[in-house]
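> Have a look at this prediction, sequence included:
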Amino acid sequence: TGATSVVGVAEALVGETMVSPPVVHLSYKGVTQFDPNPSSAEILPAVKALNNGTKISSSMFGDMYSSMLYDALHQNAAMNEALSQADATEVFPDTPTGQQLELVSRLIKTHNQRGTDRDVFYVKLAGFDMHNDVAAGLAANFAQMNDAIGSFVTEIKDHQGKWDDVTMVFASEFGRTLTPNSGNGTDHAWAGNYFMLGGGLDGGKIHGQYPTDLSSEGPFSTGRGRIIPTMPWESPMNAVAQWMGVADDASLDKVLPNRNNFAGSLLNMEMLFGSGN
């Protein structure tokens, strides 16, 4: 299983130390080759020789540093080689989201070379914390997302034929108020509407309970248009984890340590993926 972020640190990918696969961090522009234009062909061999000088008196920390450096050099060369042979067929928009999803599509194309049977990729679009002029900013962000997702789906479905093997989960760390503030924007809230895409999903369904009363007197309202969620994030991710092969309860508890707090509202694989294929 691979875990790759193309946009910085992603806590969602971090697993158990020394057990889970290490998270690979890439720039959305791709892989920067180590010392691509060396002043001497001897530099890389010298670096390797210097960090291979382990003796019985060597420091444990020095050995760890050298081991991690060796791994990094190997991964850099292998990733650079794999991606250099895997261009996307579809044209992606020249936007942050477009560039991120183009790289993910190329990484999916190289899963055999990278030795992964399953991958989790993390991408991000910032700029939704709109306390002012939300209408224009939201329209621009939605347009960027829509164009990038359209290119990604076309690449994966029509050119790679892997759409049934891909699930896209869209999330935000918190929702926004339903009522505006004085700057024609929205403020921090709780519940929100999120979505999933994928060829294997049993789609066209809405999960969760939509509030019957959106006013401040509604049973899910905390005031100012802040709504209490009716479904935790553990719910859809429980089904996604099962779809990815996390089958038994003990393993699911490890992947989603808070899931038993919401035992009555967890979705399972059959609910989201139908036959589960």
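Yep, it's here. Numbering: from 1, shown residues only.
> can you list the weak-confidence ranges in the chain?
For the chain, the stretches with pLDDT under 70 are 53-57, 275-277.
> Just give me the longest helix of it.
Counting residues, the longest helix found in the chain (DSSP state H) is helix 60-84.
> Distance from the chain centre to it, please.
Remark: helix 60-84 is offset 23 Å from the chain centroid, using C-alpha atoms, centre = their mean, to the nearest Å.
> buried stuff in the helix or strand following it?
Proceeding N to C from helix 60-84, the next assigned helix or strand is helix 96-109, under DSSP states H and E. Neighbour counts over helix 96-109 (16 or more other C-beta atoms under 10 Å) mark 96-109 as buried. For every residue, glycine as well, the C-beta is placed using N, CA and C.
> before we move on, the earlier item: now do the longest helix of the chain against helix 96-109, angle only.
Between helix 60-84 and helix 96-109, the angle comes out at 90 degrees (axes from the mean of the first three to the mean of the last three C-alpha atoms, to 10 degrees).
> name the helices or strands packed onto helix 60-84?
Contacts defined by 3 or more C-beta pairs under 8 Å, 6 or more residues apart in numbering; DSSP states H and E place helix 60-84 against helix 43-50, helix 111-114.
> got the buried residues of helix 96-109 as CSV, with distance to residue 214 columns?
Shown next, in CSV, are the buried residues of helix 96-109 (distance: C-beta to C-beta, whole Å):
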residue, distance to residue 214
96, 33
97, 30
98, 34
99, 37
100, 34
101, 33
102, 39
103, 39
104, 36
105, 39
106, 43
107, 41
108, 40
109, 44
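> Quick check: of those, which lies closest to residue 73?
Nearest to residue 73 among these, counting by C-beta to C-beta, is residue 107 at 19.6 Å.
> Check the gap between that closest one and residue 25 for me.
Distance, residue 107 to residue 25, by C-beta to C-beta, to the nearest Å: 13 Å.
> overlap in contacts of those two?
residue 4 (C-beta atoms under 8 Å, 6 or more residues apart in numbering).
> quick one, what contacts residue 258?
Taking C-beta under 8 Å, 6+ apart, one finds 232, 234 in contact with residue 258.
> ok so, going back, just flag the most distant two among the buried residues of helix 96-109.
96 and 109 (20.8 Å).
> The closest residue to residue 13 other than its chain neighbours pairs with what?
In space, residue 13 comes closest to residue 3 once its chain neighbours are excluded; the distance is 4.3 Å by C-beta to C-beta, 6 or more residues apart in numbering. Beta-bridge pairing of residue 3 under DSSP bridges involves residue 120.
> neighbours around residue 3, how many?
Neighbour count for residue 3, taken as other C-beta atoms under 10 Å: 21.
> thinking it is in contact with residue 15, fair?
Yes - using C-beta atoms under 8 Å, residue 3 is in contact with residue 15, at 7.3 Å.
> Now do the shared contacts for these two.
Counting by C-beta under 8 Å, 6+ apart, the contacts common to residue 3 and residue 15 are residue 21.
> thinking again about what came up before, tell me the contacts of the residue nearest to residue 13?
When contacts are counted by C-beta under 8 Å, 6+ apart, residue 3 touches 13, 15, 20, 21, 22, 23, 24, 119, 120.
> That one and residue 42, how far apart?
35 Å.
> What of residue 77?
17 Å.
> This completes my enquiry, with thanks.
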